[in-house]
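**Student:** what's the 3D shape of this:
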Amino acid sequence: MSTPERSAEATDATPYNGRRPLRYGPLPDRIRHRFPIFDQRVYINSCSQGALSDAVRGSYDQYLNDWDEKGAPWEYWVERQEAARASFAGLINATADEVAVTTSLSAGVASLASGFRFARRSKVVLTDWEFPTIGQIWHAQEARGARVVHVPEAADGTLPIEHFERAIDDDTLLVSITHVCYRNGATTDVRKIVDLAHERGAYVLLDAFQSVGSLPIDVEALDVDFLGAGVLKYLLGSAGLGFFYCRRGLVDKIWPTATGWFADQNIFEMDHTDYSPAATAARFQSGTPPVPAIYAGIAGMGLMQEIGIEETREHVNGLNSRLIAGLDELKATVVTPRRPKRRGALICVKSTDAPALVAALGREGIVTSERDSNLRISAHAYNSVDDVDAVLASLQRHRKLLA
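**Tutor:** Numbering: from 1, shown residues only. Coordinates of the predicted model:
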């Protein structure tokens, strides 16, 4: 049977809907043409930023056109914010009133931190895998009475549940964990940590910035209380847009003191005489929303929904298995866990000079990044077997920079 042709209305810039594929056929064949950078480079750095798509570029044009044609369409831009909120909520199996639209993960977490009082319970438990912003925000609360402790990494590079058992006690207010570590690509066992924390009366905040879009996330299944993320990486958006999830039953228990106009219960009431935070997770918002980034975020999230996150996860796991096998042949030191269930999309390789290795690959047209003396290689839906083989061939040429 021949493959049916797409209708004239179903162009590459016009998605079918949130479930059907962009084109018939496997990844990345049906989507790679949407990302112009592949005409020039091998882009395998989605842990830093997703590749720019035609949809996101077009969304910025649409923002400028709307601004030009409508002047100051704030009611419409507020509608765009609500569309972004609903899109993200759908991605994590939340409801829209459990999601705040922020400018970054930092903004959402800082608002949460400002709403806690460190009296009855004072301890905040972090891990040594956290992104700097998480540690900085919670250590800043020490001036307000917080007591911050870190769960250390074990000698084998894991975070054993036993380490959490020793750290979480009846003085613990919050446990803050990352879903995928930005330095080594390892995942935390979220549900085990959540169950332990809840058993001891503590909340759990999940940093999903390095995971959302690259693997399915269900806040109900994970049972987390709070979640922060952004669209910059695997959700294919741009800088300047983040989201913060708060479980509905906890919203009215948190009274943020870091706030702003769009955190109010009625932003168009324009009341400057009191503080009346929204009855929803919008209370974790602040001032004027990042309108251009909202346009881009809607486009990026829509594109990822069309591509399919579960299919992306399966595709990337296959690419990473090939990558790890090739790295083993090079006798490179892979610091990311071998088991697919214990890693995200990111593969990290030890280097004797990681910045030099990133630069060497860059001169050959391959875009990667580095952290903590590791080369970071992060595939996405648009990457191919040829991309992986190009990386391995380049690493063979620069073998002296592998540890």
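**Student:** Identify all contacting residues around the one helix or strand residue 138 maps to.
**Tutor:** Under the criterion of DSSP states H and E, residue 138 resides in helix 132-140. Helix 132-140 is contacted by residues 105-106, 109-110, 113, 124, 126, 146, 148, 150, 176, 178, 207 when judged by Cβ atoms under 8 Å, 6 or more residues apart in numbering. For glycine as for every other residue, the C-beta is placed from the backbone atoms N, C-alpha and C.
**Student:** Try it again at 10 Å.
**Tutor:** The contact list for helix 132-140, computed with Cβ atoms under 10 Å, 6 or more residues apart in numbering, reads 104-107, 109-114, 116, 124-128, 130, 146-148, 150, 174, 176-178, 182, 205, 207, 209, 228.
**Student:** which of these are buried?
**Tutor:** Of the members of those, the ones counted as buried by neighbours, 16 or more other Cβ atoms under 10 Å, are 104-107, 109-114, 116, 124-127, 130, 146-148, 150, 174, 176-178, 182, 205, 207, 209, 228.
**Student:** and the residues you listed, which of them are in helices?
**Tutor:** Within the buried ones among the contacts of helix 132-140, residues falling in helices by DSSP state H are 105, 106, 107, 109, 110, 111, 112, 113, 114.
**Student:** C-alpha coordinates for the lengthiest helix in the chain, PDB please?
**Tutor:** Assignment by DSSP H gives helix 309-329 as the longest helix of the chain. Written as PDB, here are the backbone C-alpha positions of helix 309-329 (Å, rounded to 0.1, in the frame of the first residue of the first chain):
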ATOM      1  CA  ILE A 309       8.400  12.500  24.000                       C
ATOM      2  CA  GLU A 310       8.100   8.700  24.500                       C
ATOM      3  CA  GLU A 311       9.300   8.000  21.000                       C
ATOM      4  CA  THR A 312      12.100  10.500  21.500                       C
ATOM      5  CA  ARG A 313      13.200   8.700  24.600                       C
ATOM      6  CA  GLU A 314      13.400   5.400  22.800                       C
ATOM      7  CA  HIS A 315      15.200   6.900  19.800                       C
ATOM      8  CA  VAL A 316      17.800   8.700  22.000                       C
ATOM      9  CA  ASN A 317      18.400   5.500  24.100                       C
ATOM     10  CA  GLY A 318      19.300   3.700  20.900                       C
ATOM     11  CA  LEU A 319      21.700   6.500  19.800                       C
ATOM     12  CA  ASN A 320      23.300   6.500  23.300                       C
ATOM     13  CA  SER A 321      23.800   2.700  23.300                       C
ATOM     14  CA  ARG A 322      25.700   3.100  20.000                       C
ATOM     15  CA  LEU A 323      27.600   6.100  21.400                       C
ATOM     16  CA  ILE A 324      28.700   4.200  24.600                       C
ATOM     17  CA  ALA A 325      29.700   1.100  22.600                       C
ATOM     18  CA  GLY A 326      31.900   3.400  20.400                       C
ATOM     19  CA  LEU A 327      33.400   5.100  23.500                       C
ATOM     20  CA  ASP A 328      34.300   1.800  25.000                       C
ATOM     21  CA  GLU A 329      36.200   0.900  21.800                       C
END
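**Student:** Please put the alpha-carbon coordinates of the following helix or strand past that helix into CSV.
**Tutor:** Note on helix 309-329: by DSSP H and E, the next helix or strand toward the C-terminus is strand 346-350. Extracted C-alpha coordinates of strand 346-350, given in CSV (Å, rounded to 0.1, in the frame of the first residue of the first chain):
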residue,chain,number,x,y,z
LEU,A,346,22.9,13.2,28.4
ILE,A,347,26.1,11.2,28.1
CYS,A,348,29.3,12.5,29.8
VAL,A,349,32.8,11.4,29.0
LYS,A,350,35.9,12.2,31.2
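**Student:** average pLDDT for stretch 221-236?
**Tutor:** Average pLDDT, stretch 221-236: 98.
**Student:** again with stretch 67-81
**Tutor:** Here the average pLDDT along stretch 67-81 is 95.
**Student:** wait, what's in contact with residue 300?
**Tutor:** 50, 52-53, 55-56, 59, 87, 213, 231-238, 241, 293.
**Student:** at 8 Å what do you get?
**Tutor:** Residues in contact with residue 300 (Cβ under 8 Å, 6+ apart) are 50, 53, 55, 56, 231, 235, 236, 237, 238.
**Student:** Surely the second one and residue 303 touch.
**Tutor:** This means residue 53. Yes: between residue 53 and residue 303 there is a contact under Cβ atoms under 8 Å: 5.8 Å.
**Student:** Show me whatever sits in contact with both of these two.
**Tutor:** 34, 236.
**Student:** how many degrees apart are the longest strand anywhere in the chain and helix 132-140 in direction?
**Tutor:** Longest strand of the chain, by residue count under DSSP state E: strand 172-178. Counting by axes from the mean of the first three to the mean of the last three Cα atoms, to 10 degrees, strand 172-178 lies at 160 degrees to helix 132-140.
**Student:** which other helices and strands contact the helix or strand just after strand 172-178?
**Tutor:** Heading C-terminal from strand 172-178, the first helix or strand you meet, by DSSP H and E, is helix 190-199. Helix 190-199 sits against helix 161-167, strand 172-178, strand 203-207, helix 219-222, with contacts defined as 3 or more Cβ pairs under 8 Å, 6 or more residues apart in numbering; DSSP states H and E.
**Student:** Centre of the chain to helix 190-199, how far?
**Tutor:** Centroid separation for helix 190-199 versus its chain: 21 Å, with Cα atoms, centre = their mean, to the nearest Å.
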